[in-house]
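Peer 1: what's the 3D shape of this:
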Amino acid sequence: MTATQSNPKDNNKRLPGRPKKLIKKSDLLMVRMTPTERLFIENKSKVAGMKPSEWCRKAAKSAKVVPRFSTEEVGWFRDLSGLSNNLNQLTHLAHVNGLFSLALKCQALLVQIESLLTKISNHDR
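Peer 2: Numbering: from 1, shown residues only. You can find the predicted model right below:
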């Protein structure tokens, strides 16, 4: 047999050692937690039958993150703050000039506040 000819059995020969992983986990994310939080995660991962790092990865992938407030809701809260300032000023004027002189303005302002609060409460559903 010459060096140019190869044995057919050599093509099927496996390399020694563990096979190489297709996707390597090379990036590292450091997270600080309290000892209680660590015990909680370790217990949850033990019950699930996986390592804590694997449990955290799966939990992070399936977690749903909801923004605290949308830009629309922030605008509503800003409007509500402005209306409350107006109500405070009208209350002060009512004490100075008398309640009957500002009754209609107060009623209109209360209707606006009520509609804005209704919008905010219905938006959550």
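
Peer 1: report the central residue of the chain.
Peer 2: residue 65 (2.8 Å; CA atoms, centre = their mean).

Peer 1: grab the longest helix from the protein for me.
Peer 2: For the chain, the longest helix by residue count, based on DSSP state H, is helix 71-97.

Peer 1: domain parsing of the protein, as residue ranges.
Peer 2: Domain assignment for the chain by the TED database gives 34-63, 71-123.

Peer 1: dump those domains into a markdown table; add mean neighbour count and distance to residue 21 as well.
Peer 2: All C-beta atoms are positioned from the backbone trio N, CA, C, and that covers glycine. Formatted as a markdown table, the domains of the chain follow (neighbours: other CB atoms under 10 Å; distance: least, CB to CB, whole Å):
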| stretch | mean neighbour count | distance to residue 21 |
| --- | --- | --- |
| domain 34-63 | 12 | 14 |
| domain 71-123 | 12 | 43 |
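
Peer 1: would a markdown table of these with distance to residue 25 and mean pLDDT be doable?
Peer 2: A markdown table is the format used below for the domains of the chain (distance: least, CB to CB, whole Å; pLDDT from 0 to 100):
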| stretch | distance to residue 25 | mean pLDDT |
| --- | --- | --- |
| domain 34-63 | 9 | 93 |
| domain 71-123 | 37 | 82 |
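
Peer 1: want to throw those domains into CSV with distance to residue 19?
Peer 2: CSV is the format used below for the domains of the chain (distance: least, CB to CB, whole Å):
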stretch, distance to residue 19
domain 34-63, 20
domain 71-123, 50
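
Peer 1: for residue 22, find the nearest of the ones you listed.
Peer 2: Minimum separation from residue 22 across the domains of the chain (CB to CB) falls at domain 34-63, 16.8 Å.

Peer 1: now do the same end-to-end measure for that closest one.
Peer 2: 21 Å (CA to CA, to the nearest Å).

Peer 1: in what helix or strand does the nearest residue to residue 50 once chain neighbours are set aside lie?
Peer 2: In space, and not counting its chain neighbours, residue 50 is closest to residue 58: 7.6 Å by CB to CB, 6 or more residues apart in numbering. Assigned by DSSP states H and E, residue 58 falls within helix 52-62.
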